[in-house]
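Asks: fold the following.
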Amino acid sequence: MRVAISGTGLFTPADSISNAELVAAYNEFVRGHNAANGDDAHLLKSSDEFIVKASGIRNRHVLAKDGMLDPGTMCPRLKQRANEELSYSAEIGIAAARQALAAARRTPDDIDGVIVASVVPPINRTIDELGRKFFGHDPMHVGPGVKTGMPILYDNPKEVGADRIANAVGAFDLYGGPSIVVDFGTATTIEAVSAKGEYLGGAIFPGIEISLDALFGRAAGLRRIELVEPKHVIGKSTVESIQSGVIYGFSGQVDALVDRFRAELGECTVIATGGLAELIGPHTRSVAHYEPWLTLFGLRIVFERNRL
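Replies: You can find the predicted model right below:
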């Protein structure tokens, strides 16, 4: 059974801060700091134009506007909550979950289990709180002790990210093996699955978006661009040159790694997933299938294998 996304939710705080408001508060902080510290710790003022050039951001939503616009603090003022109270993070998650269920025309009572592939351990406690207090279930975390049905042939299996395991499980169920999964996420990952359904290992390299963040953050003369296919491979402008470098550079990088994987693995099926797979995948010569919900498909399989 394929996975279908029936509803999504996104928490958006009611308050927002414009660049003009943020710059006014920050520059007032700078004025006071420079007056108190002199030339030894001189800070430069900011501007709306600088923020837009550096980040493309003109407005941002925030939880507590007043504290962030106070030059004396410039951080949110959130009331401390007792341990038995719902955390702010869980409250945000529940608000998003309510939206998702409403879009799917479901209620928490319709949910018979929760499974998570988290690669950010500090948020696991919040996820557990959300699962218990909203859905009424302790979330199942993909990791040690959870049956995946796939031998992990890594030197240290605990090092393999839960999302990578879910991708491999989903790919083998859909296409068999040997197979290769390319996931265009925060990091771009490539996984190898054997003909017997074993997770063999893979490769990890910086993802497209964090690579661009580094580029724009360190090259002051470059502005953020829309990621679309350029008219020419040989760019006729800075925007087109960056688009060419990103789309054809990353697609070529994937093809080069897949070629090396195949040299060790033999002929195999290549599946792409992740946020930018639809953009980059068609420009590769190696990707044969695009599965946008592959991770969720793999998670469903793991969940079913552990509740039997």
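
Asks: switch to C-alpha atoms for all contacts and neighbour counts from now on
Replies: Fine.

Asks: quick one, strands of the protein?
Replies: 15-18, 59-62, 115-116, 140-141, 179-184, 187-193, 199-206, 269-274, 289-290 (DSSP state E).

Asks: partner strands of the fifth one, parallel or antiparallel?
Replies: Strand partners for strand 179-184, identified by DSSP bridges, are recorded as strand 187-193 (antiparallel), strand 269-274 (parallel).

Asks: just the strands of the chain: most buried one?
Replies: The highest average neighbour count among the strands of the chain, using mean count of other CA atoms under 10 Å, belongs to strand 179-184 at a mean of 27.

Asks: next, the angle from that one to strand 199-206.
Replies: 20 degrees (axes from the mean of the first three to the mean of the last three CA atoms, to 10 degrees).

Asks: contacting residues around strand 179-184?
Replies: The contact list for strand 179-184 (CA atoms under 8 Å, 6 or more residues apart in numbering) reads 167-168, 171-172, 188-195, 207-208, 254, 258, 268-277.

Asks: as a whole number, average confidence for that strand?
Replies: Strand 179-184 carries an average pLDDT of 96.

Asks: pull the distance from it to the chain's centre.
Replies: Counting by CA atoms, centre = their mean, to the nearest Å, strand 179-184 is centred 16 Å from the centre of its parent chain.

Asks: same check on stretch 6-14?
Replies: 16 Å.

Asks: just the CA trace of that stretch, in PDB.
Replies: The C-alpha coordinates for stretch 6-14 follow below in PDB (Å, rounded to 0.1, in the frame of the first residue of the first chain):
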ATOM      1  CA  SER A   6      -4.000  13.400   3.600                       C
ATOM      2  CA  GLY A   7      -3.300  16.500   5.700                       C
ATOM      3  CA  THR A   8      -0.400  18.800   6.700                       C
ATOM      4  CA  GLY A   9      -0.200  21.500   9.400                       C
ATOM      5  CA  LEU A  10       2.100  24.500   9.900                       C
ATOM      6  CA  PHE A  11       2.100  26.600  13.100                       C
ATOM      7  CA  THR A  12       2.300  30.300  12.400                       C
ATOM      8  CA  PRO A  13       2.700  32.700  15.400                       C
ATOM      9  CA  ALA A  14       0.300  35.600  15.500                       C
END
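
Asks: buried residues in it, which are they?
Replies: G9 (16 or more other CA atoms under 10 Å).

Asks: neighbouring contacts of that stretch?
Replies: 61-63, 92-93, 95-104.

Asks: quick one: which of those has the most company?
Replies: A97 (23 neighbours; other CA atoms under 10 Å).

Asks: quick one, what contacts that one?
Replies: Counting by CA under 8 Å, 6+ apart, the residues that A97 touches are 8-9.

Asks: between the contacts of stretch 6-14, which is nearest V120?
Replies: Nearest to V120 among the contacts of stretch 6-14 is G93, at 15.2 Å by CA to CA.

Asks: tell me how far that closest one lies from Q80.
Replies: Going from G93 to Q80 by CA to CA, to the nearest Å gives 18 Å.

Asks: for stretch 218-232, buried residues please.
Replies: Quick answer for stretch 218-232 (16+ other CA under 10 Å): 223-224, 227, 229-230.

Asks: can you add distance to L10 and pLDDT and give those back as TSV?
Replies: Putting the buried residues of stretch 218-232 into TSV (distance: CA to CA, whole Å; pLDDT from 0 to 100) gives the following:
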residue	distance to L10	pLDDT
R223	28	72
R224	24	73
L227	23	79
E229	29	86
P230	31	88
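
Asks: and of those residues, the nearest to D138?
Replies: For the buried residues of stretch 218-232, the nearest to D138 is L227 (39.2 Å; CA to CA).

Asks: wait, isn't the closest one in contact with S241?
Replies: No - taking CA atoms under 8 Å as the definition, L227 is not a contact partner of S241, at 11.3 Å.
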